[in-house]
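Asks: everything below, folded, please.
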Amino acid sequence: MERLNILLVDDQPAKLLSYEVILKDLGENLIKAQSAREALEQLLRNEIAVILADVCMPEQDGFELVSMIREHPRYQNTAIIFVSAVMMTEPDRLRGYAAGAVDYVSVPIVPDVLRAKVRVFADLYRKTKELERLNSELELRVSQRTAELEASSEQLRRLNEELEHRIEQRTREREEALAQLFEAQKIDTIGQLTGGVAHDFNNLLMAILGSLSLLKKRLPEDNRSERLLGNAIQAAERGSALTQRLLAFARRQELKPTTVDFEQLFANIEDLLVKAVGQGIDIKLDVAPDLPSMLVDANQLELALLNLFVNARDAMDGAGSIILQADAADHPGSLSDGRYVRIRVTDGGPGMDEPTLARATEPFFTTKGPGKGTGLGLSMVQGLAAQSGGALELASRPGAGTSVSVWLPVAGTSSDPVAGGRVDDAFDAPPVTGELTVLVVDDDPLVSMGTVAMLEDLGHIAVEVTSASQALQLLGEEKRFDIVITDHSMPGMTGAELSRIILDSFSSLPIILASGYAELPDDQGLTELIRLTKPFSQDQLKEALQQAKTPQVSTVESNRH
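Replies: This is a model prediction of the structure:
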């Protein structure tokens, strides 16, 4: 297979060397340039498949270089990836994409991520060239056949025209399929990266919120200190809400589906929605009679409605009417058979044109000004609907407003699944009395330290380990523990795998599984585990301990065979 040319542009030799080390395993020909002038010279001398360019460079920056490259007919469609450690604001990214870049990577670089991105665009270039070659051969064969047909009768010429039409149609279909595949791969990659970032951010928030909560209990009474501490806690909680939006887009959030009556849910948050949209917005409610209950996470649905109302308010510049409708209908074509509740939010704003409507649910895409939106609202709502077994539909056109419909499955009988085994469920248990010995398993020392501090503040003894293997070693040494609290996402052995081993060997030992993810194994041996969603508070931890010790309130020798 012929090696492709990949151009690396950066004014710093050390960074060029690091790119070369990261990308050498691709087996492609790596060409280096330390300035925009050298880059243009290489482009004129070589056929370049992918360009990796630094943004901040002397003489000409990356934006100017890419604009010049795009003016060359040969490189109008070449994949260009920006790399920057400084210019990472949203306007910088938008400027990069407007200049013609296909991606924007931040420093420090994750080698596997950069290598994967370059490999995708290199493979796309190779496949495109192969398609062009096949098309050229096909066109040559068609031309030869055409010459033969022109020497024949009129009937043969008509057959030739029909053949050309079919070839053109097939070529368009291939190009459209290739474009759809590329978009699907891009969104899937963004989803995976988003979920991973949100998980790591959840761990940081876990340590921050836990430490701040304990610090608040220990500080002497001081109004100024309390205000500063409260402000820090509120900021961390806003970060937690943002991670939930990220996880919702990636469809990896922790959902707790219950049977929800829409009218009751709306009554609970009506005051909040009225305050959120302001006095200039009139809310009109239209709920079908005898509307069936839905099966959905009530808290996440409330957040989704709040996002939709705020979007509608911003679209109408704070003045107008929002119509909230709810009715039951058969499933749309994209969903499986069954009955669904359709919740529709309609505004009287200016509406969206087709290009904007096509991108409305993309993550981080927003038509609001800088600092006025994250571009995650509709992505979060779409993720919630899909993860709940429903769908999101958008309808809009310029001058006619926008309508957002959320389809959610109708709740059936009492056999519907609910969030059993999680701390947030309705739970009534006697408080834990006496000192407990708790084994804390978490590979992140910041999270582990925060959990241990909260346990000790509750009057318990905490023993912390950083891996599942260390936990099994302690249990095998006849150490006595009343409860195990384990993180799920750990290298080597996950928390779910550790729980399965503990349940097999120490069946009477209660286990609390902590995670920010929803994708835990659907295993009958693990469905009854108590679950804690990160980041959790000390009160939620206390409730989990109470639930874990019910009905066994007294201490037991839980690790005896």
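
Asks: tell me which helix or strand of this structure sits lowest on mean pLDDT?
Replies: helix 223-250 (a mean of 66; mean pLDDT, DSSP states H and E).

Asks: gap between whatever helix or strand comes next after that helix and the chain center?
Replies: Going down the chain from helix 223-250, the next helix or strand is strand 258-260, by DSSP states H and E. A distance of 25 Å separates the centroid of the chain from that of strand 258-260, by Cα atoms, centre = their mean, to the nearest Å.

Asks: how far does the helix or strand following strand 258-260 sit from its chain's centre?
Replies: Toward the C-terminus, strand 258-260 is succeeded by helix 262-277 as the next helix or strand (DSSP H and E). Distance of helix 262-277 from the chain centroid (Cα atoms, centre = their mean) equals 27 Å.

Asks: list of residues touching helix 262-277?
Replies: 283, 285, 287, 291, 293-294, 298, 301-302, 305-306, 309-310, 312-313, 318, 322, 324, 326, 341, 343 (Cβ atoms under 8 Å, 6 or more residues apart in numbering). (Each C-beta comes from the backbone N, C-alpha and C, glycine too.)

Asks: 10 Å instead?
Replies: Under the criterion Cβ atoms under 10 Å, 6 or more residues apart in numbering, residues 261, 281-283, 285, 287-288, 291-294, 296, 298-299, 301-303, 305-310, 312-314, 316, 318, 320, 322, 324, 326-327, 341, 343, 408 lie in contact with helix 262-277.

Asks: check stretch 393-402 too.
Replies: 308, 311-312, 315-316, 320-323, 332, 334, 342, 344-354, 356-358, 360-361, 378, 382, 385, 403-407.

Asks: got it, and stretch 163-180?
Replies: With Cβ under 10 Å, 6+ apart, stretch 163-180 has contacts from 124, 127-128, 131, 134-135, 138-139, 141-142, 145-146, 149.

Asks: and these, which two are furthest apart?
Replies: Largest separation among the contacts of stretch 163-180 by Cβ to Cβ: Leu124 and Leu149, giving 35.8 Å.

Asks: buried ones only from the contacts of stretch 393-402, please, as a ChimeraX command.
Replies: Listed next is the ChimeraX selection for buried residues among the contacts of stretch 393-402, using 16 or more other Cβ atoms under 10 Å:
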select :308,311,312,315,316,320,322,323,342,344,345,346,347,348,349,351,352,357,360,361,378,382,385,403,404,405,406,407
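
Asks: tell me where the stretch 401-550 of the chain has strands.
Replies: 402-409, 437-441, 461-465, 483-487, 511-515, 530-533 (DSSP state E, counting those that start in this stretch).

Asks: any chance of JSON lines for those, columns distance to Leu265 and mean pLDDT?
Replies: Below are the strands of the stretch 401-550 of the chain laid out as JSON lines (distance: least, Cβ to Cβ, whole Å; pLDDT from 0 to 100):
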{"stretch": "strand 402-409", "distance to Leu265": "11", "mean pLDDT": "89"}
{"stretch": "strand 437-441", "distance to Leu265": "36", "mean pLDDT": "93"}
{"stretch": "strand 461-465", "distance to Leu265": "39", "mean pLDDT": "92"}
{"stretch": "strand 483-487", "distance to Leu265": "32", "mean pLDDT": "92"}
{"stretch": "strand 511-515", "distance to Leu265": "26", "mean pLDDT": "87"}
{"stretch": "strand 530-533", "distance to Leu265": "20", "mean pLDDT": "82"}
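
Asks: and of these, who's closest to Glu221?
Replies: Comparing the strands of the stretch 401-550 of the chain under Cβ to Cβ, the one sitting nearest is strand 461-465, at 28.5 Å.

Asks: my read: Ile512 touches Thr486, true?
Replies: Yes. Using Cβ atoms under 10 Å, Ile512 is in contact with Thr486, at 7.4 Å.

Asks: what is in contact with those two at once?
Replies: Residues touching both Ile512 and Thr486 (Cβ under 10 Å, 6+ apart) are Val440, Gly495, Ser499, Leu529.

Asks: how about CSV for the residues you listed, with distance to Ala14 added?
Replies: As requested, these are exported to CSV (distance: Cβ to Cβ, whole Å):
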residue, distance to Ala14
Val440, 41
Gly495, 40
Ser499, 46
Leu529, 48
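
Asks: all helices of the stretch 1-150 of the chain, in order?
Replies: Listed in chain order, the helices of the stretch 1-150 of the chain (DSSP state H, counting those that start in this stretch) span 13-23, 36-45, 62-71, 90-99, 111-150.

Asks: for the third one, give me every contacting residue.
Replies: When you say that, I think you mean helix 62-71. With Cβ under 10 Å, 6+ apart as the test, helix 62-71 has contacts from 7, 9-10, 33, 35-37, 39-40, 43, 48, 51, 53-57, 59-60, 75-78, 80, 82-84, 87, 92, 95-96, 98-101.

Asks: what is the mean pLDDT for that helix?
Replies: Taken as a whole, helix 62-71 has an average pLDDT of 86.

Asks: hmm, back to that, list the ones among the contacts of stretch 393-402 that fall in helices.
Replies: The helices, defined by DSSP state H, take in Leu308, Asn311, Ala312, Ala315, Glu354, Thr356, Leu357, Ala358, Leu378, Gln382, Ala385 from those.

Asks: format these as JSON lines; extra columns: distance to Met490 and pLDDT.
Replies: JSON lines is the format used below for the ones in helices among the contacts of stretch 393-402 (distance: Cβ to Cβ, whole Å; pLDDT from 0 to 100):
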{"residue": "Leu308", "distance to Met490": "37", "pLDDT": "88"}
{"residue": "Asn311", "distance to Met490": "38", "pLDDT": "84"}
{"residue": "Ala312", "distance to Met490": "42", "pLDDT": "85"}
{"residue": "Ala315", "distance to Met490": "44", "pLDDT": "83"}
{"residue": "Glu354", "distance to Met490": "46", "pLDDT": "81"}
{"residue": "Thr356", "distance to Met490": "43", "pLDDT": "77"}
{"residue": "Leu357", "distance to Met490": "42", "pLDDT": "75"}
{"residue": "Ala358", "distance to Met490": "40", "pLDDT": "74"}
{"residue": "Leu378", "distance to Met490": "34", "pLDDT": "75"}
{"residue": "Gln382", "distance to Met490": "30", "pLDDT": "79"}
{"residue": "Ala385", "distance to Met490": "31", "pLDDT": "82"}
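
Asks: need the max-distance pair from those.
Replies: Largest separation among those by Cβ to Cβ: Glu354 and Ala385, giving 22.1 Å.

Asks: per-residue pLDDT of the residue nearest to Gly348 when sequence neighbours are not counted, please?
Replies: With Cβ to Cβ, 6 or more residues apart in numbering as the criterion, Gly348 has its nearest non-adjacent residue at 4.4 Å, and that residue is Gly320. pLDDT recorded at Gly320 is 87.

Asks: ok, Asp271 next?
Replies: Here, the pLDDT recorded for Asp271 equals 82.

Asks: give me the number of residues near it?
Replies: Neighbours of Asp271 under the rule other Cβ atoms under 10 Å: 9.

Asks: next one: Lys24
Replies: What Lys24 shows, counting by other Cβ under 10 Å, is a neighbour count of 11.

Asks: identify the bridge partners of the closest residue to it other than its chain neighbours.
Replies: Nearest residue to Lys24 in three dimensions, chain neighbours excluded: Leu30, at 7.0 Å (Cβ to Cβ, 6+ apart). Taking DSSP bridges as the rule, Leu30 bridges to Ile6.

Asks: give the full set of residues in contact with the nearest residue to Asp103 once chain neighbours are set aside.
Replies: Residue nearest to Asp103 in three dimensions, not counting chain neighbours: Ile81, with 4.6 Å by Cβ to Cβ, 6+ apart. Residues near Ile81 by Cβ under 10 Å, 6+ apart: 50-53, 96, 101-105, 114, 117-118, 121.

Asks: ditto for Gln473
Replies: Val465, Ser467, Lys479.

Asks: again, but for Ile109
Replies: With contact taken as Cβ under 10 Å, 6+ apart, Ile109 is in contact with Lys15, Ser18, Tyr19, Ile22, Val83, Ala85, Arg115.
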